[in-house]
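**Student:** okay, predicted coordinates and the sequence, questions at the end:
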Amino acid sequence: MCFPLIRALLLAVFLVGPVAGFSLGAQQPVASAQTQALPAWDVVSIKPHKPGDDDVSERFSPAMYSGRNVTFKMLISQAYGVKEWLIFGLPSWVGSQRWDIEAKVSEPDMKVMRKLSREDRRAMLNALLRDHVGLVAHKESKVQPVFEMTALPEGVKFKAVPAPSSSEGGEKPSQGSQMTVDDGLISGRGVTMTTLADTLSYRVERNIVDRTGLKSEYGYMIDLHWTPEERDKGNDNGSGTDAPPPFFEAVRKQLGLKMVPGKAEVPTIVVEHIQQPDAN
């Protein structure tokens, strides 16, 4: 994969989701109309990442972004809510060269910063990309390969979360969802099929469309283990025959789901211009 699964999913919680106002079938400029009204990054440091350190880390606070060992392809993905494999027109360095980036808002009004929406923060990343790598891009719908996630004829092998017991007032307490994602592991409670499909898509770098028709008020209990590709190809560190099965086999055997190849129109980003930053 071109980026760690767990990193991508953690950032998806913060920034990546459906692109607000995206209209399929038309090209649209990426720039946000509200960008000019947002706080501006007035201290920005961009430096090439030193070789030998493979750890990737990113941190967002109300008035700061910090990324270590990141690519500009990651930032474009986060800024526009589009997965990395749906960004087109990039020169190779955008996804391969690694950078340490820090951006700060000096003397911010913290009340304003804490009220920024997800779209506001995307727009601020958009501004950073525009100002420091000259990014020009537009949104465009494209027909792309997808997987359609369907249930096997014999049924799925996971269970719905049972309704919680009523509280003293007779009302059922609300239940949130939780999910643990690692290389070779997805485990969760209260997981919807849409969330599961989106999570699995990072493993195959292809959009997955939920066609199961399954819905549960409190979500489902999911437990999936598979052997990552590196170990599946022989680098198993001694795991031997006890290793979990490969990904698609695990999805079928452990969840009772299958992935059917198909095509669908999906939102993408097409980059028209981007230039390497000046290290500072």
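**Tutor:** Arrived safely, thanks for sending. Numbers count the residues shown, from 1 in each chain.
**Student:** contacting residues for the closest residue to residue 57 other than its chain neighbours?
**Tutor:** Spatial nearest neighbour of residue 57, chain neighbours left out: residue 68 (4.8 Å); criterion: C-beta to C-beta, 6 or more residues apart in numbering. Glycine gets a C-beta too; all of them are placed from N, C-alpha and C. Counting by C-beta atoms under 8 Å, 6 or more residues apart in numbering, residue 68 touches 49, 55, 56, 57, 58, 100.
**Student:** quick one: residue 68 is in a strand?
**Tutor:** Yes. The assignment for residue 68 by DSSP: H, G, I helix; E, B strand; the rest coil puts it in a strand.
**Student:** separation between residue 154 and residue 190?
**Tutor:** Distance, residue 154 to residue 190, by C-beta to C-beta, to the nearest Å: 25 Å.
**Student:** oh, I was asking about residue 45
**Tutor:** 40 Å.
**Student:** looking at these two, which is more packed in?
**Tutor:** Taking other C-beta atoms under 10 Å, residue 45 and residue 190 do not tie; residue 190 has more neighbours (18 against 13).
**Student:** the more buried one: what secondary structure?
**Tutor:** Following three-state DSSP, the label given to residue 190 is strand.
**Student:** other SSEs contacting the helix or strand encompassing residue 128?
**Tutor:** Using DSSP states H and E, the element containing residue 128 is helix 118-133. Judged by 3 or more C-beta pairs under 8 Å, 6 or more residues apart in numbering; DSSP states H and E, helix 118-133 is in contact with strand 43-48, strand 64-70, helix 72-80.
**Student:** what's the angle between it and strand 64-70?
**Tutor:** Computed by axes from the mean of the first three to the mean of the last three C-alpha atoms, to 10 degrees, the angle separating helix 118-133 from strand 64-70 equals 60 degrees.
**Student:** convert the C-alpha atoms of helix 118-133 to PDB, please.
**Tutor:** Presented in PDB, the C-alpha positions along helix 118-133 are these (Å, rounded to 0.1, in the frame of the first residue of the first chain):
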ATOM      1  CA  ARG A 118     -14.100  20.100   9.500                       C
ATOM      2  CA  GLU A 119     -14.700  21.900   6.200                       C
ATOM      3  CA  ASP A 120     -12.900  25.000   7.600                       C
ATOM      4  CA  ARG A 121      -9.900  23.000   8.500                       C
ATOM      5  CA  ARG A 122      -9.800  21.400   5.100                       C
ATOM      6  CA  ALA A 123      -9.900  24.900   3.600                       C
ATOM      7  CA  MET A 124      -6.900  25.900   5.700                       C
ATOM      8  CA  LEU A 125      -4.900  22.900   4.400                       C
ATOM      9  CA  ASN A 126      -6.100  23.900   0.900                       C
ATOM     10  CA  ALA A 127      -4.600  27.300   1.500                       C
ATOM     11  CA  LEU A 128      -1.300  25.900   2.700                       C
ATOM     12  CA  LEU A 129      -1.000  23.800  -0.400                       C
ATOM     13  CA  ARG A 130      -2.000  26.600  -2.700                       C
ATOM     14  CA  ASP A 131       0.500  29.100  -1.100                       C
ATOM     15  CA  HIS A 132       3.500  26.700  -0.700                       C
ATOM     16  CA  VAL A 133       3.300  24.200  -3.500                       C
END
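**Student:** quick one, strands of the stretch 51-200 of the chain?
**Tutor:** Secondary structure of the stretch 51-200 of the chain (DSSP state E, counting those that start in this stretch): strands at 57-61, 64-70, 87-88, 99-104, 136-151, 159-160, 178-182, 185-191.
**Student:** low-confidence ranges, the stretch 151-280 of the chain, go.
**Tutor:** Across the stretch 151-280 of the chain, the ranges flagged by pLDDT under 70 are 166-175, 230-243.
**Student:** next, count neighbours for residue 209.
**Tutor:** Around residue 209 there are 17 residues (other C-beta under 10 Å).
**Student:** from residue 153, how far off is it?
**Tutor:** As for residue 209, its distance to residue 153 is 19 Å (criterion: C-beta to C-beta).
**Student:** go on, residue 70?
**Tutor:** According to C-beta to C-beta, residue 70 stands 44 Å off from residue 153.
**Student:** in terms of neighbours, single out the busier of those two.
**Tutor:** Shown here are residue 70 and residue 153; by other C-beta under 10 Å, residue 70 has more neighbours (21 against 7).
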